[in-house]
Structure formats: structure tokens, C-alpha cells
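> sequence first, predicted coordinates after that:
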Amino acid sequence: MSFFDDIGARIESVDSVVSVGLDPDLDRLPDFLDGELPRWEFNRRVIDATHEHAACFKPNAAFYEDPDGWRALEETIAYAHGKGVPVLLDAKRGDIGNTARRYADLLDDDGLGADAMTVNPYMGRDTLEPYLSMPEKGVVVLCRTSNSGGADFQNLEVGNGKPLYEYVAQRAAEWNDHDNVGLVVGATAPEELAAVRDLVDLPFLVPGVGAQGGYFRAAGDAAKRLKRRLDQHR
């Protein structure tokens, strides 16, 4: 079963499209989490509280990139899987050759065993090939991001009056040979989100609802279309 098949089954099972972020900041964790792996203790509590409503869990790799953090991430992914919830590793990787292959190893069972990863397409298809060639894993391509500076480059017109993010979306659709490609399109850019949805038939990860000020309605509309798409592909 591919990642998006798994997500589709999960969405149907829990009637939810919510991706729960797991970004434990050591400087902000409660004092009572004083064990050997406080990030893992925090994540376990979040998973226990939300797994019945989560379509997937989304740990951000930057919060784990130290020895204890890596152990906490391994425990987190295994625990989420034990609850029957897929895991999307928010790593935004993008590099050439052997480096890309080593990053893709994080998706292997011998690595972290995550089910999908966010990737950066800036350096072109060859840098994403190690991920694209794993049909059971999800490859979620940065397209129109939710951060305030996302428009600096992504909205630039690069030919025929079309913005860069639209070219990224179209190219990602061309790379979808194994039906394992999705896009990151932020809820903070509802007009761009709607434009990309009309342009390509790919699943979306829609971050930015909440602290970043994203529009819940935009995310909800994207979610409804995702559910229809997944239903059509069964």
C-alpha cells in the first residue's frame, strides 16, 4: 500500500484530514518532562491525546537533529505506527547524488521508517529521484509555502505570465509516475492554493492554520477535494 492509499484509508476511518505536528522545542517543554528523552515523552502524550482524530503525524526533523533527538524521533515514529497512524517527516530535503540517497534512507525501515517526506525541488528532478523511485513512500514537494516570505521567489513570473509555484506544481505532476507525489501549499495563501488545485490533481499538505494565520476555510476546501480525489482513485 502506498502512502497516499494509507492516508486515504486513514481519512475514511477517522473522518479527519488533520495532520498533527510534532515539533517539541526543548526550551518550551514542561518541567515535569525530565526523563532521558523529554521530546519523546512529550510526543507520546500528544499522540495519545490526538491519534483517534489524526490523519497523520508530522514531526519536523529540525527539532530532532542531535543524538538524543534522533532517538526520540525513532521512538515517536514507531509509537505512531503502533497506533495505526502514518508519519510524514517534515524535512524539506533537497541535494544531489549520494547525499539525496542518504536522505532518502530515512524512509527505509533500516532508517527511521517514516512513510513520507517533504522535499525541496529547487535543484531539479535528479535530486528527488531517490524518493520518487520508492513507490510506497510519499514525496511531498514544496510548492507555495506558508511562511511570510514565500512569495519572494515562488510568486515571481518566470514565463508566459505564470508564477514559479505553478511551474513547480506542473512539474511535480509530471514526476508522479508512481502516484506518490503531493504538494505543500500553505493555507496562508488561499488564492494560490485555489490556483494550484485547479491546475493539478495531486494531494496537498496545507500548513499554516493557527499560529501562522492561515485560513481554515481554504484548508477545509482543499481537504474536501483531497477526499474526493482519494475516493476516485480507489
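Ah, there it is.
> now do the closest residue to residue 23 other than its chain neighbours against residue 94, distance only.
With Cβ to Cβ, 6 or more residues apart in numbering as the criterion, residue 23 has its nearest non-adjacent residue at 4.5 Å, and that residue is residue 60. Every residue, glycine included, has its C-beta placed from N, CA and C. With the distance defined as Cβ to Cβ, to the nearest Å, residue 60 ends up 16 Å from residue 94.
> more neighbours: the two, which one.
For the pair residue 60 and residue 94, the greater number of neighbours falls to residue 94 (20 against 17), based on other Cβ atoms under 10 Å.
> quick check: that one touching residue 121?
Yes - using Cβ atoms under 8 Å, residue 94 and residue 121 qualify as a contacting pair, with a distance of 6.8 Å.
> which parts of the protein are strands?
Listed from the start of the chain, the chain has strands (DSSP state E) covering 19-22, 56-59, 88-93, 116-119, 138-144, 157-159, 162-163, 181-185, 204-205.
> just the C-alphas of the second one, formatted as CSV.
Taking Å, rounded to 0.1, in the frame of the first residue of the first chain, the C-alpha atoms of strand 56-59 are listed here in CSV:
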residue,chain,number,x,y,z
CYS,A,56,-1.2,11.5,10.1
PHE,A,57,1.6,12.8,12.4
LYS,A,58,4.2,15.3,11.0
PRO,A,59,7.4,15.6,13.0
